[in-house]
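Visitor: next one to model:
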Amino acid sequence: MSNVNQCPSGALVNHLAKRISRLGILALSIMLLSACGFHLRDNYLVNTKFHKLYLASSDPYSALTLALKEKLKSNNVQLVNDPSGNVPIFSLGSPKRSSRIVSVYSDGSDAESELSYEVSGTVTMPDNQQYPIQVQLHRDFTKDSEQALAKMREQDMITDELTNMAAEQIVRQLATIH
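Guide: Take a look at the predicted model:
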């Protein structure tokens, strides 16, 4: 008889005990995190005043407006179509994008830029109390004339990322209004 494929019973018990203890530690960690109120990101528990909200935007189909609607819905905020009634109104301003040169190559061409994305808005409560919301984001972007097409695509991706980050920050700021 060959014992090549068989594991001694002590080693098997040891292996199973290690596995069970790892699973136990994992389960205990999960229970402790849920007991302390830990929540995964993107669920900001928007104030109960904002279970219903009217979103006013100059461009209802802009990337920012669509991203903001998605983030609000994922936070259990019902967007209403009519601003009348006892519903807070969030007036979203148009985003402002800008770029400034941070560094240049020896030939004088742009080497690195800082992309800025700013947006503001105002929350008007049913009692006409207003709360300003302001988001400013900045990202560095390196340029390379030899990879112009790839860098243009990268800049578009950064702009999309900034748009989503702005929507997240707006929702975070809404969560702080009491």
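Visitor: which SSE is P132 in?
Guide: Element membership of P132, judged by DSSP states H and E, is strand 130-142.
Visitor: partners of that strand in the sheet?
Guide: Applying DSSP bridges to the sheet, strand 130-142 is found paired with strand 110-124 (antiparallel).
Visitor: got the buried residues for the strand it pairs with?
Guide: 111, 113, 115, 117-121, 123-124 (16 or more other Cβ atoms under 10 Å). (C-beta placed from N, C-alpha, C; glycine too.)
Visitor: list the buried residues of stretch 164-178.
Guide: Of all the residues in stretch 164-178, those buried under the rule 16+ other Cβ under 10 Å are 166-171, 173-174.
Visitor: no wait, stretch 93-109
Guide: P95.
Visitor: pull the CA atoms of it into CSV?
Guide: C-alpha atoms of stretch 93-109 as CSV (Å, rounded to 0.1, in the frame of the first residue of the first chain):
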residue,chain,number,x,y,z
GLY,A,93,-25.5,75.1,-10.9
SER,A,94,-23.6,74.4,-14.0
PRO,A,95,-20.2,72.8,-13.5
LYS,A,96,-17.1,74.9,-14.3
ARG,A,97,-14.1,73.1,-15.7
SER,A,98,-10.7,74.8,-16.0
SER,A,99,-7.1,73.9,-16.6
ARG,A,100,-3.9,75.6,-15.6
ILE,A,101,-0.3,74.8,-16.5
VAL,A,102,1.7,73.4,-13.7
SER,A,103,5.0,72.6,-15.4
VAL,A,104,6.5,72.9,-18.9
TYR,A,105,9.1,70.9,-20.9
SER,A,106,12.4,72.5,-21.9
ASP,A,107,10.9,73.3,-25.4
GLY,A,108,8.2,75.4,-23.7
SER,A,109,5.3,73.0,-24.3
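Visitor: list the contacts of that stretch.
Guide: 58-59, 62, 64, 110-121, 140-141, 143, 145, 159, 163, 166 (Cβ atoms under 8 Å, 6 or more residues apart in numbering).
Visitor: which SS class is the residue sitting nearest the centre point of the chain?
Guide: When Cα atoms, centre = their mean is applied to the chain, the residue found nearest the centroid is E168 (4.2 Å). When classified by DSSP: H, G, I helix; E, B strand; the rest coil, E168 comes out as helix.
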